[in-house]
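Student: Sharing a sequence plus its predicted fold:
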Amino acid sequence: MSTLYQRLYATLAGRVDSVLQYIAGDMLAANACDRTHTLHVAQALKDALLEAEETYLEAEEEL
């Protein structure tokens with residue numbers, strides 16, 4: 001697997017894991033499945049996708 005794909009996978013997998021831990025831990029434990037917390041989850045996942053996209057585009061420019 002190329003280094004780029006490893007970085008992309010690590011970024012996405014790490015961020016998704018963090019969000020899942022947040023959902024399972026903080027949100028469910030505190031019964032906090034409201035709009036604010038849901039928007040926080042959505043933003044965190046969106047940020048992970050944007051970071052992966054930026055990484056991919058930067059690597060493409062280097063070629």
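Tutor: Right, received. Where do you want to start?
Student: Can you give me the distance of the residue nearest to V16 when sequence neighbours are not counted to G25?
Tutor: Among residues not flanking V16 along the chain, A48 sits closest, at 6.6 Å (CB to CB, 6 or more residues apart in numbering). The way it works is simple: take the backbone N, C-alpha and C, and place the C-beta from them, glycine included. From A48 across to G25, the span is 18 Å (CB to CB, to the nearest Å).
Student: how about the helices in the protein?
Tutor: 3-22, 28-29, 35-62 (DSSP state H).
Student: Contacts only, for the residue nearest to V16.
Tutor: Shown in contact with A48 (CB atoms under 8 Å, 6 or more residues apart in numbering): 11-12, 15-16, 19.
Student: Got a quick ChimeraX command for the buried subset of those residues?
Tutor: To isolate the buried members of the contacts of A48 in ChimeraX, using 16 or more other CB atoms under 10 Å:
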select :11,12,15,19
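Student: now the helices of the chain in JSON lines, with mean pLDDT?
Tutor: Formatted as JSON lines, the helices of the chain follow (pLDDT from 0 to 100):
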{"stretch": "helix 3-22", "mean pLDDT": "95"}
{"stretch": "helix 28-29", "mean pLDDT": "90"}
{"stretch": "helix 35-62", "mean pLDDT": "93"}
